[in-house]
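J.: Here's my sequence, what's the structure:
(3 chains, ligands or ions: 1)
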Amino acid sequence: MSCEAVGRWCKSHLINSVVFECTWRGCGYITNTCLKVEAHIRQTHLGPKKEGDHEEEFYYTEREVAAPPPTLSHRDMCRPPHEDPDYQRQLVGSYRQGLLSTLQNGAARPISIPVTHSWSSSQSPKHLKISGVSSSPGSPGRRPRSDNKKCRKVYGMDQRDLWCTQCKWKKACTRFGD
DNA sequence: CTTGCCGGGAT
DNA sequence: ATCCCGGCAAG
Ligand SMILES: [Zn+2]
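T.: Residues are numbered from 1 along each chain as shown, chains lettered A, B, ... in the order given. This is a model prediction of the structure:
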């Protein structure tokens, strides 16, 4: 089966040692081959082989670890998928939209674009509707957003492997309907 | 700041 | 088909 069920992390297969860690809640089993960790999960977590039941869940990740030979005198540079420079960037550094979205929106504040034409005799304050809340019946307009929580909020950014497939792909949730 | 997801990309 | 993200709307 797939010896490659890996998480987001570990971008490319670097030239370092690789370990396979069981990500079952509370279990920190680590080995160096995927067959070993699969056997571990099957045996100690999923119980013995279920008859006629294929497609087991594989709760483990493959991650690279600092090579031992040359410099090992320093702290162990093996991080649990938390505190990732890139993952943390998502929680904190999202200041990008706060500055740009208001520009593309064109209506950060009740600013209005007056249309002034000298050839117009009537002088009534006219405005141009550059972009507003328009709902077209025949268009696939944005769905109204439901009030019930979806996989993302229920399980959190950690334990993403518990989300339904559509939520993992940032598509409309299928587990919790509207 | 966050959640939810459409449109579109990559494999 | 499967997997994922950019960017946006709404809260
Ligand atoms: Zn879901």
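J.: Convert stretch A:32-42 to CSV, retaining C-alpha atoms only.
T.: Taking C-alpha atoms only, stretch A:32-42 is exported to CSV below (Å, rounded to 0.1, in the frame of the first residue of the first chain):
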residue,chain,number,x,y,z
ASN,A,32,12.7,4.0,10.7
THR,A,33,10.7,2.1,8.2
CYS,A,34,7.1,2.6,7.2
LEU,A,35,6.3,-1.1,7.3
LYS,A,36,7.4,-1.1,10.9
VAL,A,37,5.1,1.8,11.9
GLU,A,38,2.2,0.4,9.9
ALA,A,39,2.6,-2.9,11.7
HIS,A,40,2.7,-1.1,15.0
ILE,A,41,-0.5,0.8,14.3
ARG,A,42,-2.3,-2.2,13.1
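J.: Which positions within that stretch qualify as buried?
T.: Buried positions in stretch A:32-42, judged by neighbour count with 16 or more other CB atoms under 10 Å: A:Cys34, A:Val37, A:Glu38, A:His40, A:Ile41. From N, CA and C alone the C-beta is placed, and that goes for glycine too.
J.: Contact residues of chain A facing the ion?
T.: Near the ion, the residues belonging to chain A are A:Cys151, A:Cys164, A:Cys167, A:Cys173, A:Arg175 when assessed by CB under 5 Å from the ion.
J.: among those, which two are most distant?
T.: The two members of those with the most space between them (CB to CB) are A:Cys167 and A:Arg175, at 7.4 Å.
J.: The buried residues of stretch A:32-42 in helices, which ones?
T.: A:Cys34, A:Val37, A:Glu38, A:His40, A:Ile41 (DSSP state H).
J.: which one of those residues sits closest to the ion?
T.: Comparing these against the ion with CB to the ion places A:Ile41 closest, at 23.8 Å.
J.: re earlier: so between A:Cys167 and A:Arg175, which is more surrounded?
T.: Counted by other CB atoms under 10 Å, A:Cys167 and A:Arg175 do not tie: A:Cys167 has more neighbours, with 21 against 13.
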